[in-house]
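Participant: return atomic coordinates for the entry below.
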Amino acid sequence: MQLLPAVEDFELEVYSAAEQHDWGDQIIEQLTIARREWSTALAALSSGDESLADEHAAEALTHLDAALTVDCPS
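Facilitator: Residues are numbered from 1 along each chain as shown. So this is what the prediction gives:
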């Protein structure tokens, strides 16, 4: 799955650009939670639990949305 490495690459870019500002920490925190939720969703899907997979995938998207709406300088 290409999504998780792409999110990881984005985290590294944010970390470099943020220079330890709070907005960078907030983005990285939300992306980390999103990756964790996607991993849990994939594990649930692999074990055949589609309901749990859907629940964790939805939670991942919620945290991805939160990462994208962090107030940071442009």
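
Participant: measure how far the helix or strand bottoming out on mean pLDDT in the chain is from the centre of its chain, please.
Facilitator: Least confident helix or strand of the chain, by mean pLDDT, DSSP states H and E, is helix 3-18 with a mean of 74. In terms of CA atoms, centre = their mean, to the nearest Å, the centre of helix 3-18 is found 10 Å from the chain centre.

Participant: stretch 36-55 too?
Facilitator: Here stretch 36-55 is found 15 Å from its chain centre; the criterion is CA atoms, centre = their mean.

Participant: for it, C-alpha coordinates in CSV please.
Facilitator: Provided in CSV are the C-alpha atoms of stretch 36-55 (Å, rounded to 0.1, in the frame of the first residue of the first chain):
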residue,chain,number,x,y,z
ARG,A,36,-2.0,4.0,13.3
GLU,A,37,-5.7,3.9,12.5
TRP,A,38,-5.0,2.9,8.9
SER,A,39,-2.7,0.1,10.0
THR,A,40,-5.3,-1.1,12.4
ALA,A,41,-7.9,-1.0,9.6
LEU,A,42,-5.7,-3.0,7.3
ALA,A,43,-5.2,-5.6,10.1
ALA,A,44,-8.9,-5.8,10.7
LEU,A,45,-9.6,-6.2,7.0
SER,A,46,-7.0,-8.9,6.7
SER,A,47,-8.7,-10.8,9.6
GLY,A,48,-12.0,-10.5,7.9
ASP,A,49,-13.6,-7.9,10.2
GLU,A,50,-14.9,-5.4,7.7
SER,A,51,-16.9,-3.5,10.3
LEU,A,52,-13.9,-2.8,12.5
ALA,A,53,-11.8,-2.0,9.4
ASP,A,54,-14.4,0.6,8.3
GLU,A,55,-14.5,2.1,11.8
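
Participant: buried residues, that stretch. List them.
Facilitator: 37, 38, 40, 41, 42, 44, 53 (16 or more other CB atoms under 10 Å). No exception for glycine: its C-beta is placed from N, CA and C like everyone else's.

Participant: quick one, helices of this protein?
Facilitator: Taking DSSP state H to define them, one finds helices in the chain at 3-18, 22-46, 50-68.

Participant: highest mean neighbour count out of those helices?
Facilitator: Mean neighbours per residue, mean count of other CB atoms under 10 Å, is largest over those for helix 22-46, with a mean of 17.

Participant: perfect, I'm done here.
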